[in-house]
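Participant: Below are the sequence and a predicted model; questions follow.
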Amino acid sequence: MAESHMQAIVIAAFGGPEVLELRDLPQPEPGPGELRIRVAACGVNPVDWKLRAGWLSAAMSHTLPLVPGCDLAGSVEATGEGVDPAWLGREVVAFLDLAHPGAYAQQAVAPLARVVERPARLEAAEAAALPTPGLTAMQLVRSHGRLASGHRLLVTGAAGAVGSLALQIAAEVPDAALFALVRESARQRLPKLPGLTVISDMQAAALADMDLVIDCVGGEVLARAPDWVARGGALISVVMPPDEARCQERAVRAGFVMVEHDSAQLAELVQACAHERWRLPVKRCLPLAEAAAAHRAGESGEAQGKMVLLA
Ligand SMILES: NC(=O)c1ccc[n+]([C@@H]2O[C@H](COP(=O)([O-])OP(=O)(O)OC[C@H]3O[C@@H](n4cnc5c(N)ncnc54)[C@H](OP(=O)(O)O)[C@@H]3O)[C@@H](O)[C@H]2O)c1
């Protein structure tokens, strides 16, 4: 029987956006415990261009050529051994392991454990935008940040995908005081939350005595952040490790964390967004073939919102 093919975006060598090539590849076959998904949409995340540029090579070994992308929505078209065929035809959302990505494609394989059903009221593009930023935000606020009632929380890069979801999740903690650090140009993209204090000047006096700072920016912002945390508070970044010595001096718990898969959290995330309890607006949908343009827009900062590729 002739081999079936699909189109996918491939990284054959690490480099700039120009290395992203649309190619014909054999359709992936699901192994035991896996599903093959006909991809409708895949989310574009900053980690995708970090992977493409080769910045993750020290942390994990990827074999090239590689199809990037961890977040997708689509319908199940084949099941591997041990997977209930009742999954066939279901609309799903998947969060692929960064060590085994493959979402920038017309078809992708995912372990059943990393797949949840997509509620009909959530569009495929909206759903594909969610897994990486949503799980990251949930874990930042809850397990890593341990945000509790009465705490003061500052989120940097608060208008971004992770930051805006973190604020919405934090807003459910009773009596938490929420502060958003954003560039002036991003102010209008913040979630509308009652009582949110918006700061766009890193010298602002309000930047003090935080119980928790969640950093989604890194660099100069993260370098200043230890000064904004109260003694005994926490500074958690998803971009790079905070200055451990500075944090120790100030008795601040410092952490750099990576998102982990959690199927209960993925299910809660898609339900919460389907019912508009939390929102992550999709700014731009582009065809899969325009992955390089999406990376250029994301890396340059001109994207100004969440991007999704349509397969
Ligand atoms: N460790 C992990 O597991 C993990 C998981 C998810 C994400 N991340 C990382 O977290 C970061 C945020 O991800 P994301 O998906 O939220 O990206 P995003 O949607 O692009 O958001 C980033 C936000 O940071 C803002 N920003 C960038 N530079 C800034 C600066 N110098 N000062 C103030 N704000 C600045 C951007 O503002 P503008 O909108 O004005 O450009 C944007 O709102 C990325 O570095 C990503 O790789 C890590």
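Facilitator: The structure has been received and is ready for your questions.

Participant: near the ligand at all, stretch 43-62?
Facilitator: Yes: using CB under 6 Å from any ligand atom, we find that stretch 43-62 touches the ligand at 45-47. (Each C-beta comes from the backbone N, C-alpha and C, glycine too.)

Participant: looking at these, which has the most residues close by?
Facilitator: Neighbour counts for the residues of stretch 43-62 next to the ligand (other CB atoms under 10 Å) peak at Asn45, which has 26 neighbours.

Participant: before we move on, back to that, closest one of the residues of stretch 43-62 next to the ligand to Ala105?
Facilitator: Ranked by distance to Ala105 (CB to CB), the residues of stretch 43-62 next to the ligand are led by Asn45 at 15.4 Å.

Participant: from memory that closest one sits against Thr132, does it?
Facilitator: Yes: contact criterion CB atoms under 8 Å: Asn45 and Thr132 qualify, at 4.8 Å.

Participant: So for the two, which residues contact both of them?
Facilitator: Residues touching both Asn45 and Thr132 (CB atoms under 8 Å, 6 or more residues apart in numbering): 70-71, 161.

Participant: Considering only those residues, which also neighbour the ligand?
Facilitator: By CB under 6 Å from any ligand atom, the members of the shared contacts of Asn45 and Thr132 lying near the ligand are Ala161.

Participant: In strands, which of the shared contacts of Asn45 and Thr132 appear?
Facilitator: The members of these that map onto strands under DSSP state E are Asp71.

Participant: Can you tell me which of the shared contacts of Asn45 and Thr132 are buried?
Facilitator: Buried by 16 or more other CB atoms under 10 Å: 70-71, 161, out of these.

Participant: Put together a markdown table for the residues you listed, with pLDDT on each row.
Facilitator: Compiled in a markdown table, those are given as follows (pLDDT from 0 to 100):
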| residue | pLDDT |
| --- | --- |
| Cys70 | 98 |
| Asp71 | 98 |
| Ala161 | 98 |
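
Participant: Pick the one among the residues you listed closest to the ligand.
Facilitator: The ligand has its nearest neighbour among those in Ala161, at 3.7 Å by CB to the nearest ligand atom.

Participant: Which residue comes closest to the closest one once chain neighbours are left out?
Facilitator: For Ala161, ignoring the flanking residues on the chain, the nearest one in space by CB to CB, 6 or more residues apart in numbering is Pro133 at 3.6 Å.

Participant: Does that neighbour touch Val44 like I think?
Facilitator: No: at 10.8 Å, Pro133 does not count as touching Val44 under the criterion of CB under 8 Å.

Participant: who touches both of those two?
Facilitator: Listed as contacting both Pro133 and Val44 by CB under 8 Å, 6+ apart are Lys306.

Participant: still on that earlier bit, next up, the contacts around the residue nearest to Ala161.
Facilitator: Applying CB under 8 Å, 6+ apart, one finds that Pro133 lies in contact with 43, 45, 160-162, 165, 280, 306.

Participant: for the record, mean pLDDT for stretch 207-217?
Facilitator: For stretch 207-217, mean pLDDT rounds to 98.

Participant: Then stretch 117-131?
Facilitator: Computed over stretch 117-131, the mean pLDDT rounds to 98.

Participant: Can you give me the buried ones in that stretch?
Facilitator: By 16+ other CB under 10 Å, the buried positions in stretch 117-131 come out as 118, 122-131.

Participant: Now the two most distant members of these.
Facilitator: Every pair of the buried residues of stretch 117-131 checked by CB to CB; the farthest is Glu123 and Pro131, at 15.0 Å.

Participant: Show me the domain layout of the protein.
Facilitator: 5-129+280-310, 133-256 (automatic domain parsing).

Participant: what number of residues lie near the residue in the chain positioned nearest to the ligand?
Facilitator: When scored by CB to the nearest ligand atom, the chain has Gly160 as its residue closest to the ligand, at 1.9 Å. Gly160: 21 surrounding residues under other CB under 10 Å.

Participant: Please export the C-alpha coordinates of stretch 81-101 as PDB.
Facilitator: C-alpha atoms of stretch 81-101 as PDB (Å, rounded to 0.1, in the frame of the first residue of the first chain):
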ATOM      1  CA  GLU A  81      -2.800  -0.400  20.500                       C
ATOM      2  CA  GLY A  82      -4.600  -0.200  23.900                       C
ATOM      3  CA  VAL A  83      -6.500   3.000  23.100                       C
ATOM      4  CA  ASP A  84     -10.300   2.700  23.100                       C
ATOM      5  CA  PRO A  85     -11.500   3.200  19.500                       C
ATOM      6  CA  ALA A  86     -14.400   5.300  20.900                       C
ATOM      7  CA  TRP A  87     -11.900   8.200  20.700                       C
ATOM      8  CA  LEU A  88     -12.100   8.100  16.800                       C
ATOM      9  CA  GLY A  89     -13.700  11.200  15.500                       C
ATOM     10  CA  ARG A  90     -13.600  13.100  18.800                       C
ATOM     11  CA  GLU A  91     -12.500  16.700  18.800                       C
ATOM     12  CA  VAL A  92      -9.500  17.000  21.200                       C
ATOM     13  CA  VAL A  93      -6.800  19.400  22.500                       C
ATOM     14  CA  ALA A  94      -3.300  18.000  23.100                       C
ATOM     15  CA  PHE A  95      -0.200  19.200  24.900                       C
ATOM     16  CA  LEU A  96       2.900  17.500  23.400                       C
ATOM     17  CA  ASP A  97       6.100  17.000  25.300                       C
ATOM     18  CA  LEU A  98       8.700  19.600  24.400                       C
ATOM     19  CA  ALA A  99      11.200  16.700  24.000                       C
ATOM     20  CA  HIS A 100       8.800  15.200  21.400                       C
ATOM     21  CA  PRO A 101       7.000  18.100  19.700                       C
END
